[in-house]
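Engineer: Provided below are the primary sequence and the corresponding predicted coordinates.
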Amino acid sequence: MRPTRPSKPRAPAIVVAGALAIALVGVAPVAWAGPPEHPDSVPARDELVLTRIVPADDSVAARLRAELGVIGLETEDLDISAEAPTLGPELLDRLAPAGASAAIEIAFGSGHVDVWVADGSTGKTLTRRFDLDQAEPRTLAIAAVELLRASRLEFAPPPAAQHSTDDSSEQATERERPPGDEGPNPPDRAMRGSLSLAPMIGGSPGGLGLSTHTEIAGRWAPRERFALRIALWVPTLGNRVANEQGGARVFVGMAFVEPQLRLPGGAPWFHPELGLGLGAAVTGIVGEASEGLRSNTTALGSFAAHTHVGLGFEIVPRLWVRADGYVGILQPQPRVIFIDEVVARLGMPFASGSLGVEIWI
């Protein structure tokens, strides 16, 4: 038998292993327990941005949510009546009650779109205005996000501390974009044309008295401060003049082409305008001679011009109530003649007023 080698004492190793085990057991609770929970703590949520489109537009709202989602912002519709006017600078007051850090409002007006951004972290409210021909959902959504970025630039960390994926030009990818928003702006959004109908009453010195018309008009507004209006004044009851030689009924119809200057009204629902109308008038005279005299019916043409002051009151975005006033001239003046006597004349000057409705299409 081969003799066995006596083993060395293992007591020191056992002592070291035991000490190491005790140390690990003591450290483990500290390493895995994590920070102590506070009884009042609440789960963290993404940064919240309130959004509002006035009037509501699903394509613009969907694109805005997509652009904000790309930069990690949670969105929620602003809790307010759809009929409420544009908030603008008052957006800041809506942040604290909703627990939001920012709010975005996109308001479509007559001939323009206003983008409002309120940033609670800076206390700033920024705005940008677009013409309607630029107001595509993609353009408006990106503009709103860039305004929010601009508001926070002064609080941005140094470039070295920024996350490598924070790219100011980052936009929603094709997959993240809502379908169908790359096409042209929906045609019902661009308020560039309108039709109006209004009863009129007016008169002129010269013996004819008051006359009544119905105005049918169309307006094209390619720019925020300019419009071109075409109006037709259709006579209704006509005027009657008479003496011992007989009588006559007079009807005057007019047509105008009118360039307009659209003035700022100071309120989103008030739309004043100034215009200069140029056109033509046709005066029809139907004679009713006394017995023994010959009756005559004539039609007279005249050049017509007027100055126009109009006031539009926006009831809803597509429906306005209008009040309009006109002062103008007809040349040559229409005259009603019985034999050799001028019994009435018209148009030096004439004045008319109307109250009607205008529908934007």
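Structural biologist: Arrived safely. Numbers count the residues shown, from 1 in each chain.
Engineer: quick check: mean pLDDT across stretch 113-133?
Structural biologist: Across stretch 113-133, pLDDT averages out at 85.
Engineer: give me phi/psi at Phe226?
Structural biologist: phi -140, psi 140 (degrees, to the nearest 10).
Engineer: That one against Glu258, yeah?
Structural biologist: No: contact criterion Cβ atoms under 8 Å: Phe226 and Glu258 do not qualify, at 11.6 Å. Backbone N, C-alpha and C define where each C-beta goes, glycine included.
Engineer: which one of those two has more residues nearby?
Structural biologist: Comparing Phe226 with Glu258 by other Cβ atoms under 10 Å, the one with more neighbours is Glu258, at 23 against 13.
Engineer: Surely that one touches Leu232?
Structural biologist: No: taking contacts as Cβ under 8 Å, Glu258 lies outside contact range of Leu232: 11.7 Å.
Engineer: Where does the prediction get shaky in this protein?
Structural biologist: The model of the chain has pLDDT under 70 over residues 1-46, 154-191, 292.
Engineer: the domain parsing of it - what is it?
Structural biologist: Using automatic domain parsing, the domain ranges for the chain come out as 48-153, 193-360.
Engineer: Could you single out the most deeply buried of those?
Structural biologist: Stretch with highest mean neighbour count among the domains of the chain: domain 48-153 (a mean of 18; mean count of other Cβ atoms under 10 Å).
Engineer: Tell me the span between the first and last residue of that one.
Structural biologist: Start and end residues of domain 48-153 are separated by 19 Å (Cα to Cα, to the nearest Å).
Engineer: how far does that domain sit from the chain's center?
Structural biologist: Here domain 48-153 is found 13 Å from its chain centre; the criterion is Cα atoms, centre = their mean, to the nearest Å.
Engineer: now swap in stretch 336-351 and tell me
Structural biologist: Stretch 336-351 sits 48 Å away from the centroid of its parent chain (Cα atoms, centre = their mean).
Engineer: Residues in contact with it: which ones?
Structural biologist: For stretch 336-351, the external contacting residues (Cβ atoms under 8 Å, 6 or more residues apart in numbering) are 202-208, 239, 241, 243, 245-246, 248, 250, 252, 281, 283, 285, 293, 302, 304, 306, 325-331, 333-335.
Engineer: Now, those residues that are in helices?
Structural biologist: Using DSSP state H, no member of the contacts of stretch 336-351 falls in helices.
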